[in-house]
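**Student:** can you look at this prediction? I've put the sequence above it.
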Amino acid sequence: MISPKDEIIAKARNEFSEDILRYIDECNKSKWPKSFLIAVLQKIQQKYGYLSREKMQAVSYLMDIPSAKVSGVASFYHYFNLKQSGSVVISICMGTACFVKGAEKVKRKFEEELKIRVGETTKDGKFSLFETRCLGMCAMAPVVKIGEECFSKVTPDMVKDLLKKFT
Amino acid sequence: MKKVKIKIDDRELEVDENLTVMQAAKLIGINIPKLCYHPLLSIEGGCRVCIVAIKGFDYFLTSCSTKVEDKMEILTNSVEIREARRDIIELILDNHPKECQLCERDGNCELQNLAYTLGVRERLFEGKRKKPEIDNSSCAVVRNPEKCILCQRCIRVCKEVQGVNNLSQHHRGFNTVVMPFDGDKMDDSVCIQCGQCINACPTAAFLEKKHTDQVWKAIADPKKIVIAQTAPSIRATIGESFGYEPGEVCTGKMISSIRKLGFDFVFDTNFGADMTIVEESHELLQRLKENKLLPLITSCSSGWINFMEKFYPELIPYASTCKSPMGMVSILTKTYFAKKMNIDPKDIFMVCIMPCVAKKFEIQRPEHIFEGLPISDAVLTTRELSWMIQSYGIDFKVQDEGEFDSPLGFSSGSGDIFGATGGVMEAALRTTIENITGKKLDKIEFTEVRAIEGLKEASIQVGDLKLNIAVANGLNNAKEILDNIQNKKKVYHLVEIMACPGGCIGGGGQPYPPKGYEILDRNLLKKRTSALYKIDKEKKYRVSKDNPAIIKLYEDFLTEPGSDIAHKLLHTYYHPKLPRGVK
């Protein structure tokens, strides 16, 4: 008979690809295994783009760290995404120059058009809206990065057309 | 221990070098205000209320986390320190609801008391307020993060005392909130409903689920026969709510007060405790004979049972199948007593007065529905009963010395000591050893299993048999024994586990500690415990199987221990539960 503990570990291992599992096993063999929690979470985010609750729970079982601790750490650091981002990520530069040149208004227009707030993803999973720090293109402020493309001197009127380009 | 010379407020003294400034100040009679600090938990240093001035530093330091050093000069009071402490409390209050009159902890809240003693008389800071939702999902523990001040005492008690680790801080800064994994509801979390977070919380961010309304309603309903049963430890703690010193036995006044509230009968959970021992002892002898499923692990503590189902499901077969004493009294009331009195069990409203929050969970287990009826209808904590007595206007101190109703109100001394850690073990030993040897015990008291320590092990020689026993209270302490059983590292025959520190007398539903005591306070727990041993000493019968009411019950109704009907009514079963906890 398979005991509940084995079942749970097997299920947890199923969450991850071989390379992640190998990394976790390596960490577990070290002298201070639990100190590798952040490193493991980083690896998972790199691979999957975000930390789902299933993956956080799986980390808890595989590293023997209480689940509340895992989600506590993950939610503390801005670096970790707890939600899956949309297929198109919109980042609005909030650096000083962009801000002075009206990035706030552009941001509000995006929120209005997409019917989401900054940090959220549209229901269809298409767009995610984020603020970002200076992108280093101050001469062309305000700047918006959509996917891998950057758009300069963006005004609220341009938002509709920009979105159309990506739908 | 090396000594160091320090100066506190112009007073020079020599103290052990491992003391903190706060502990050193206490030695000369200065109580530095504190909020997140608890002597038995790890040091957080988060609330900053305990700040003092130390020569050489141009900022204040927290006295709970600063160790004394040689030639240290400490100032515990000055205009600036007092103002800073007051401002700290004011800032904490800024994000706290201003509705003390509506709060369960009004008059009993550490934050409220501190605000008063530190002189907060107006609210100067008006900032943004967090409005997190109340988590009402659990049938035992209600989490209200709006009242949380982030002192982390609940997190530490859950981790360091209970080893459950259900709570953690999430997010950061202004948005910080204490909650279970990924913001899960308490009901979906690894919470075991022990209620120690309620005890540890300085405000009302954690409370038990209220059952008082349904009890008032049942009492007012003329068709209902409302029956109370009181757990062994209530009589030793309820007095604290009415100004008695801890350790004062208030059995009679408690019974009279419950009757005045309008209850029709008052039974004693101690009777169920005796019953449990007789059945459990039978179970143990059976297992010893067959030499299987050893050790037998006691199953009276609902918090422990919840812990077992989530953290040690592999040990479920070892747990005694006996219902808790509460469950036994409830089921016997709705079957044996109802039949005897010719009452329809549907008309009985069974109220269990318990030191325990997890019992609120226990009564709604599907296994505790008998022929379509819940065997218990409500669970009141000691705190809730005290409140009802106060709310009714009953003057507790002048009540007569009432007595329990028969037949489910008669108990041996073994029943009384169930409320203290080691009590179930001692009670089980008394009956089991007499059952094995067939002789009366010369020495009825097993002092080796008494004492408030978290972990006790002993071996007791019974004829040719050496009984290895272990007793644990506080689940973090229990882990050692449980791991030993799981890894087959040690051989035990009988193991008693109580979820709460000190056993039921330190339960999650007991009165908040009176002035001069803290929660988990060893002195407080010792005083409550000694009350129970005192009652035991004065009892005519001290071995469960000698209880004449039990003997009669077997003659009239249950035939013999372990019989089919006894199994049907008095035994139960447990299942692994998800989410599984990480130990």
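**Tutor:** That came through fine.

**Student:** could you identify the helix or strand that succeeds the lengthiest helix in chain B?
**Tutor:** Longest helix in chain B, counting residues (DSSP state H): helix B:269-290. Where DSSP states H and E defines the elements, the next helix or strand beyond helix B:269-290 is strand B:296-297.

**Student:** name the residues that touch that following strand?
**Tutor:** For strand B:296-297, contacts defined as CB atoms under 8 Å, 6 or more residues apart in numbering or on different chains pick out B:280, B:283-284, B:287, B:308, B:315, B:318-320, B:485, B:493-497. (Each C-beta comes from the backbone N, C-alpha and C, glycine too.)

**Student:** what is the nearest of the residues you listed to chain A?
**Tutor:** Set against chain A, the nearest of the contacts of strand B:296-297 by CB to the nearest CB is B:Leu315 (11.3 Å).

**Student:** find the nearest non-adjacent residue to that closest one, please.
**Tutor:** B:Met308 (5.9 Å; CB to CB, 6 or more residues apart in numbering or on different chains).

**Student:** surely that neighbour touches B:Lys577?
**Tutor:** No. Using CB atoms under 8 Å, B:Met308 is not in contact with B:Lys577, being 9.3 Å away.

**Student:** give the buried residues for stretch B:200-217.
**Tutor:** B:200-209, B:211, B:215 (16 or more other CB atoms under 10 Å in any protein chain shown).

**Student:** what's the farthest-apart pair in those residues?
**Tutor:** B:Pro202 and B:Val215 (27.8 Å; CB to CB).

**Student:** quick one, which of B:Met308 and B:Lys577 is more surrounded?
**Tutor:** B:Met308 (27 against 16; other CB atoms under 10 Å in any protein chain shown).

**Student:** tell me the contacts of residue 47?
**Tutor:** Here I'm looking at chain A. A:Lys47 neighbours (CB under 8 Å, 6+ apart): A:17, A:19-20.

**Student:** was after chain B, sorry
**Tutor:** B:34-37, B:88, B:92, B:149, B:151.

**Student:** could you dump these to CSV with distance to chain A, neighbour count and pLDDT?
**Tutor:** Compiled in CSV, the contacts of B:Cys47 are given as follows (distance: CB to the nearest CB, whole Å; neighbours: other CB atoms under 10 Å in any protein chain shown; pLDDT from 0 to 100):
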residue, distance to chain A, neighbour count, pLDDT
B:Lys34, 24, 19, 95
B:Leu35, 21, 23, 95
B:Cys36, 17, 23, 96
B:Tyr37, 21, 24, 96
B:Ile88, 23, 21, 96
B:Ile92, 21, 22, 94
B:Ile149, 18, 22, 96
B:Cys151, 16, 26, 96
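
**Student:** can you redo those as TSV with secondary structure?
**Tutor:** Listed next are the contacts of B:Cys47 as TSV, based on DSSP: H, G, I helix; E, B strand; the rest coil:
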residue	secondary structure
B:Lys34	coil
B:Leu35	coil
B:Cys36	coil
B:Tyr37	coil
B:Ile88	helix
B:Ile92	helix
B:Ile149	coil
B:Cys151	coil
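
**Student:** what two of these have the greatest distance between them?
**Tutor:** Using CB to CB, the contacts of B:Cys47 reach their maximum pairwise distance at B:Tyr37 and B:Ile92, which is 14.4 Å.

**Student:** sorry, back to before: list the contacts for the residue nearest to B:Leu315?
**Tutor:** Counting by CB under 8 Å, 6+ apart, B:Met308 makes contact with B:297, B:315-316, B:319, B:574.

**Student:** confirm that it sits in a helix.
**Tutor:** Yes. B:Met308: assigned to a helix according to three-state DSSP.

**Student:** measure it to B:Glu367 for me?
**Tutor:** Computed as CB to CB, to the nearest Å, the B:Met308 to B:Glu367 distance reads 14 Å.

**Student:** residues touching the residue positioned nearest the centre of chain B, list them.
**Tutor:** In chain B, the residue lying closest to the centroid (CA atoms, centre = their mean) is B:Gly507, at 0.8 Å. Residues in contact with B:Gly507 (CB under 8 Å, 6+ apart) are B:195, B:233, B:354-357, B:381-382, B:500.

**Student:** can you count the residues close to the residue of the stretch 251-400 of chain B found nearest chain A?
**Tutor:** Going by CB to the nearest CB, chain A is nearest to B:Pro313 of the stretch 251-400 of chain B, at 5.2 Å. Burial measure for B:Pro313: 18 neighbouring residues, criterion other CB under 10 Å.
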